[in-house]
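Student: This is a predicted model, with the sequence first.
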Amino acid sequence: MTKTVLGIFAHPDDAEIVCSGTLSLFRKAGWEVHIATMAKGDKGTYEYSREEISRIRKKEGVNAAEIIGAKYHCLEFEDLYVLYNHETISKTTSLIRKIRPSVVFTASPNDYMADHEITSLIVQTACFSCGIKNLETFEDPFEPTPYLYYCDPLEGKDKFGIQIVPSFYVDITSEMPKKKRALSCHISQQNWLLGHQQSEYVLSMERFGEKRGKEINVQYAEGFRQHLGHGFPQDNILQKVIGTSVVTNNINK
């Protein structure tokens, strides 16, 4: 098993919002950490052209990843056009084969926008396809299938407003200063998110982290669910890597 973890999401700043605390704990445990986005953030702006905001947001992604000791990658798709098709599955599988992670984090299958949900489905297929020889990419296939974890959706609810209950939590109290610094790198999103989603993004992230923390009696936490479908690893590798920072939700037992 390689000591490599990959968080792959739709847009720059998604990973910083939902799992950068946990990724930072992996780095502390001696793992190599990668963050990737399907899209380049080309539509998240009131102020810039698509080309300008894409350059800005990819640079912000690099800067944010560096704070937790990670490397940033972008698959160069467009915002709002993250589609489940031949190209996205092939490019995502190719990236995963190149990085060869043992653990992958991605977006919730149930979230507030389609880019997130489709990314979740693409990553599920790409992880399953890592060892499939006849899915041809420039990189060689590898086994075993990576562990796959779904992060919380934004505000912890699906598009119908139903609360998503994590299977387990990670206490990220020690990593919250880094998480805030990493998310603050995405300064181009401040005006956009205030106007379009009425969200002060760093404060909203911190408040939701507090909410998840209270559910396990710590200051800050992140919530996750593990993909346990046929062919995927069934044990909880996070428990082995992070140890006492992982708290299982007994409701799901």
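Tutor: Yes, it's here. As the structure is a computational prediction, the values presented were derived from the model and not from experiment. Numbering: from 1, shown residues only.
Student: in this structure, which helix or strand is least confident?
Tutor: helix 189-196 (a mean of 63; mean pLDDT, DSSP states H and E).
Student: Have a look at this structure and report its longest helix.
Tutor: helix 50-67 (DSSP state H).
Student: and the spatially closest residue to Gln219 that is not a sequence neighbour, how many residues sit next to it?
Tutor: Once flanking residues are discounted, Gln219 sits nearest to Thr173: 4.3 Å by CB to CB, 6 or more residues apart in numbering. Backbone N, C-alpha and C define where each C-beta goes, glycine included. Neighbour count of Thr173, defined by other CB atoms under 10 Å: 14.
Student: Glu78 too?
Tutor: Glu78 has 16 nearby residues by other CB under 10 Å.
Student: got it, and the one 3 residues further on?
Tutor: Residues contacting Tyr81 under the criterion other CB under 10 Å number 14.
Student: what's the closest non-adjacent residue to it?
Tutor: According to CB to CB, 6+ apart, the nearest residue to Tyr81 is Ala39 (7.8 Å).
Student: Now do the one you found, the pLDDT please.
Tutor: Ala39 is assigned 98 on the pLDDT scale.
Student: List the contacts of it.
Tutor: Contact partners of Ala39, counting by CB atoms under 8 Å, 6 or more residues apart in numbering, are Ala10, His11, Cys74, Leu75, Glu76, Phe77, Glu78, Asp79, Tyr81, Val82, Asp115.
Student: again, 10 Å this time
Tutor: Applying CB atoms under 10 Å, 6 or more residues apart in numbering, one finds that Ala39 lies in contact with 9-12, 14, 54, 57, 74-82, 115, 119.
Student: again, but for Leu25
Tutor: Counting by CB under 10 Å, 6+ apart, Leu25 touches 5, 31, 33, 68, 170-172, 174-175, 222, 238, 241-243, 245-246.
Student: By neighbour count, which of these wins?
Tutor: Val5 (30 neighbours).
Student: Where does that one fall, secondary structure wise?
Tutor: Using DSSP states H and E, Val5 maps to strand 4-9.
Student: now the strands for the stretch 1-150 of the chain?
Tutor: Listed in chain order, the strands of the stretch 1-150 of the chain (DSSP state E, counting those that start in this stretch) span residues 4-9, 32-39, 70-77, 103-106, 147-151.
Student: Parallel or antiparallel, list what pairs with the first one.
Tutor: Translated: strand 4-9. strand 32-39 (parallel), strand 103-106 (parallel) (DSSP bridges).
Student: So which of these is the most surrounded?
Tutor: Each of the strands paired with strand 4-9 was scored by mean neighbour count; the highest is strand 103-106, a mean of 27, by mean count of other CB atoms under 10 Å.
Student: Send over it as PDB, restricted to the C-alpha atoms.
Tutor: This file holds the C-alpha atoms of strand 103-106, laid out as PDB (Å, rounded to 0.1, in the frame of the first residue of the first chain):
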ATOM      1  CA  VAL A 103      -7.000   6.600  -0.200                       C
ATOM      2  CA  VAL A 104      -9.300   8.900  -2.200                       C
ATOM      3  CA  PHE A 105     -11.600  11.600  -0.900                       C
ATOM      4  CA  THR A 106     -14.300  13.100  -3.100                       C
END
